[in-house]
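Student: Only the shape, not the letters, is given here:
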């Protein structure tokens, strides 16, 4: 006779395998091997309430090995998060709540989108950073308003990916003891035994990062798993890795421990044999025994009581620390605490030429006086990206209250951590690096977009204006690359007010990540620039005629070239409209009427200028226009010389415009 815990673990295994079998697609191996550790955690150690999946003081759970998604869906069903048996039966089908990999915002109870291996693990480190900062800010003696853990299940693939190493190294440095990851060590990947490509001692690696490393020899031993979890929770000075030795596809006689269990259904006959082997009814599909449901109801009650206790504590806290409670409301609200749009000081700047990265630094420090929960930093580049917040302190193992984050040279993990901070709630996160290294952060930018997270990416040194560092550091194709990602707004401002507009858009956003792309080289202050930059593109200098003779358009520092060229052309009687296009993404969202008012269709003589790939501009210049850009890499020389050699000058823009006009 099986005890109830064993029955539930085996039910999770079979539900997972059946969902995959019905879909004829999926990965049964991990759910079957990792079911005991997941159940033990969710049932006996993790603080969560299915009645309020967004409770801010809940423990977070990340299935970093997201291909094992049926494990998470089976847990969500049994623990009462609203997934029905029909949802498990519709695994990987059109319109279902159970997609192939867990998706945040799509399935209730999923704390982050996971798919790219290791990204979930790194995202969890960001969540732990957010928890530590909030606890340092708001907790008082006897009132631990913020007190929760972040848990992850990672597999061999996660441990091989470089993003995991980056994140684990920083987590150890920061002593993030509230982060606990299981390592489902089954020594199998798609190609077979991990020995063909992965023989390192993972535990020693994590020990060298400053982690507590614990080992559970038998992945089916719930008692040993439970003891390891409690030992991990007790060490608040080190993040913990619990190595759990499992067998992939556990319970399936024909596939247990084999690579064939990883990424293909068990097969109908093998599923029958697995049910027999695990002692579950063979003739019933997607079956959950009544005693299982009854036991799960009792477990669900624990979470409800935990939240009730917390709410009572918070009410006492709000009475005793009313000012902090008011601040809590500001931090946890998605609304801005001030009216930035009508804050004239926010939009006012010195008129001397300056790099937009420098202006952005000024904007950030204006924002810190208005928005208390800005939380961010750079990949060892804050002095260059100008992203340091004055008088806000440094987040460190010694002081979690600091708001400046130091990610070290770890761009890939940094971007995932930014997502984790946003997912946790209560912060407005930003991260920063050189624009050319957006290639390193792009996987997590894509996940930001998928999850609709308002993370701000501050990307400086935006063009060949980088100069002497040469083509390895001069972005060419990166603007087009970022603009191609759905639900990402890329903003390349031309002057101070456009830079303020970029930041206003970023901190106001609720569902869209924003990339703010900034210059190293100085740009002018334009008297004509205005808040219309928030429409993505606008008329900076209009023509004198109702219908202009031609239109010049540009973004960023190249606006200067069209601005000055227009003056020369007007001296020759050619009536020019000058359009600044800081964000194609936002401009394309505008009404057809607005777009026509800026770029009237009947004006076919057009020139666009940008110090990057021409890809994307042709939709604005049409067949009769021309794009001046760079469809080749840069060169090592002073920035002004590189601009000149590649035709990014007022003189060349003027000559090209004259040619287009005279066609």
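Tutor: Sure thing, it's come through. Keep in mind the model is a prediction, meaning the values are calculated, not measured.
Student: quick one, phi psi at residue 453?
Tutor: Per-residue torsions, residue 453: phi -100, psi 130 (degrees, to the nearest 10).
Student: what's the nearest residue to it if we skip its chain neighbours?
Tutor: What sits nearest to residue 453 in space, not counting adjacent residues and going by CB to CB, 6 or more residues apart in numbering, is residue 422, at 4.2 Å. From N, CA and C alone the C-beta is placed, and that goes for glycine too.
Student: which residues are in contact with stretch 581-594?
Tutor: Stretch 581-594 has contacts (CB atoms under 8 Å, 6 or more residues apart in numbering) with 483, 488-494, 498, 501-502, 505, 533-537, 553-556, 595, 598, 608, 616, 620.
Student: sorry, that was for stretch 13-24
Tutor: So stretch 13-24 is contacted by 26-28, 31-32, 35, 68, 70-71, 73-74, 77, 88-89, 91-93, 98, 250-252, 265-268, 271, 274-275, 278, 280, 285-288 (CB under 8 Å, 6+ apart).
Student: Which members of those residues are classed as buried?
Tutor: When the contacts of stretch 13-24 are checked for burial by 16 or more other CB atoms under 10 Å, the buried set is 26-28, 31-32, 35, 68, 70-71, 73-74, 77, 88-89, 91-92, 98, 250-252, 265-267, 271, 274-275, 278, 280, 287-288.
Student: Tell me the spacing between residue 106 and residue 95.
Tutor: For residue 106, the distance to residue 95 equals 11 Å [CB to CB, to the nearest Å].
Student: Mind checking which of those two has more residues around it?
Tutor: Relative neighbour count places residue 106 above the other of residue 106 and residue 95, with 14 against 6, counting by other CB atoms under 10 Å.
Student: Where do the domain boundaries of the protein fall?
Tutor: For the chain, automatic domain parsing gives the domain ranges 4-303, 340-523, 535-661.
Student: Following the chain onward from the longest helix belonging to the chain, which element is next?
Tutor: Identified as the longest helix of the chain according to DSSP state H is helix 290-320. Using DSSP states H and E, the helix or strand that directly follows helix 290-320 along the chain is helix 322-332.
Student: Please name the nearest non-neighbouring residue to residue 52.
Tutor: residue 307 (6.1 Å).
Student: Quick check: the one you found touching residue 53?
Tutor: No - contact criterion CB atoms under 8 Å: residue 307 and residue 53 do not qualify, at 10.9 Å.
Student: picking up where we left off before, in CSV, list the domains of the chain along with mean pLDDT.
Tutor: Below are the domains of the chain laid out as CSV (pLDDT from 0 to 100):
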stretch, mean pLDDT
domain 4-303, 98
domain 340-523, 98
domain 535-661, 97
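Student: Dump these into TSV; add distance to residue 329 as well.
Tutor: What follows is those, written out as TSV (distance: least, CB to CB, whole Å):
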stretch	distance to residue 329
domain 4-303	11
domain 340-523	10
domain 535-661	30
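Student: Relative to residue 321, which of these is closest?
Tutor: domain 4-303 (6.1 Å; CB to CB).
Student: so how many other residues sit close to residue 323?
Tutor: So residue 323, with other CB under 10 Å, has 7 neighbours.
Student: Residue 178 too?
Tutor: Number of residues near residue 178 (other CB under 10 Å) recorded here: 23.
Student: tell me the contacts of it?
Tutor: Contacts for residue 178 (CB under 8 Å, 6+ apart) come out as 128, 131-132, 148-150, 236, 239.
Student: Could you list which of those residues belong to strands?
Tutor: Secondary structure assignment by DSSP state E places residue 150 of the contacts of residue 178 in strands.
Student: okay if I get the contacts of residue 178 as CSV plus neighbour count and distance to residue 359?
Tutor: Output for these, formatted as CSV (neighbours: other CB atoms under 10 Å; distance: CB to CB, whole Å):
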residue, neighbour count, distance to residue 359
128, 27, 33
131, 27, 33
132, 21, 32
148, 23, 39
149, 23, 40
150, 26, 36
236, 10, 41
239, 29, 38
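Student: Would you check which pair of the contacts of residue 178 lies furthest apart?
Tutor: The widest separation within those (CB to CB) is 14.5 Å, between 148 and 239.
Student: And the longest helix of the chain, what does it pack against?
Tutor: With contacts defined as 3 or more CB pairs under 8 Å, 6 or more residues apart in numbering; DSSP states H and E, helix 290-320 has these neighbours: helix 4-23, helix 69-78, helix 322-332.
Student: Between the contacts of residue 178, which sits nearest residue 351?
Tutor: residue 132 (41.9 Å).
Student: and the closest one, how far is that from residue 260?
Tutor: Applying CB to CB, the value for residue 132 to residue 260 is 42 Å.
Student: got it, and residue 90?
Tutor: 25 Å.
Student: now do residue 583
Tutor: Counting by CB to CB - residue 583 and residue 260 are separated by 49 Å.
Student: Compare the two (neighbour count), which wins?
Tutor: Each of residue 583 and residue 260 had its neighbours counted (other CB under 10 Å), and the higher figure belongs to residue 583 (28 against 19).
Student: what's the burial count for the closest residue to the more buried one other than its chain neighbours?
Tutor: Among residues not flanking residue 583 along the chain, residue 536 sits closest, at 4.1 Å (CB to CB, 6+ apart). A count of neighbours around residue 536, defined by other CB under 10 Å, yields 25.
Student: quick one: contacts of stretch 306-324?
Tutor: By CB under 8 Å, 6+ apart, the list of residues contacting stretch 306-324 from outside reads 47, 49, 51-52, 55, 57-58, 138, 140, 143-145, 325.
Student: redo that, cut-off 7 Å
Tutor: For stretch 306-324, contacts defined as CB atoms under 7 Å, 6 or more residues apart in numbering pick out 47, 49, 52, 55, 57, 138, 140, 143, 145, 325.
Student: What of stretch 187-197?
Tutor: By CB under 7 Å, 6+ apart, the residues outside stretch 187-197 that reach it are 156-157, 248, 259, 262-263.
Student: Buried residues of that stretch, list them for me.
Tutor: Applying a neighbour-count criterion of 16+ other CB under 10 Å, one finds 187-189, 194 buried in stretch 187-197.
Student: got it, and stretch 49-65?
Tutor: Neighbour counts over stretch 49-65 (16+ other CB under 10 Å) mark 49-50, 53, 55-65 as buried.
Student: Tell me the one among these nearest to residue 451.
Tutor: The closest of the buried residues of stretch 49-65, once distances to residue 451 are taken by CB to CB, is residue 62, at 12.7 Å.
Student: quick one: that closest one is in a strand?
Tutor: Yes - checked against DSSP: H, G, I helix; E, B strand; the rest coil, residue 62 lies within a strand.
Student: For it, which residues are in contact?
Tutor: Contact analysis of residue 62 by CB under 7 Å, 6+ apart lists 111-112, 114, 120, 123-124, 152.
Student: Go again with 8 Å.
Tutor: Contacts of residue 62 (CB under 8 Å, 6+ apart): 111-112, 114, 120-121, 123-124, 127, 150-153.
Student: Surely residue 148 is in contact with residue 55?
Tutor: No - Residue 148 lies out of contact with residue 55 (CB under 8 Å); the separation is 9.3 Å.
Student: Could I get the full set of helices for the stretch 551-663 of the chain?
Tutor: For the stretch 551-663 of the chain, the helices defined by DSSP state H, counting those that start in this stretch cover 559-571, 584-589, 592-598, 618-621, 639-645, 650-661.
Student: between those, which gets nearest to residue 380?
Tutor: Using CB to CB, those put helix 639-645 closest to residue 380, at 22.5 Å.
Student: If you count neighbours, what's buried in that closest one?
Tutor: Buried residues in helix 639-645 (16+ other CB under 10 Å): 639, 642-643.
Student: and what of stretch 298-318?
Tutor: In stretch 298-318, counting by 16+ other CB under 10 Å, buried: 299-300, 303, 306-307, 310, 313-314, 317-318.
Student: Counting by contacts, list what the helix or strand harbouring residue 383 packs against.
Tutor: Assigned by DSSP H and E, residue 383 belongs to helix 382-385. For helix 382-385, the elements it packs on are strand 428-434, strand 456-460, judged by 3+ CB pairs under 8 Å, 6+ apart.
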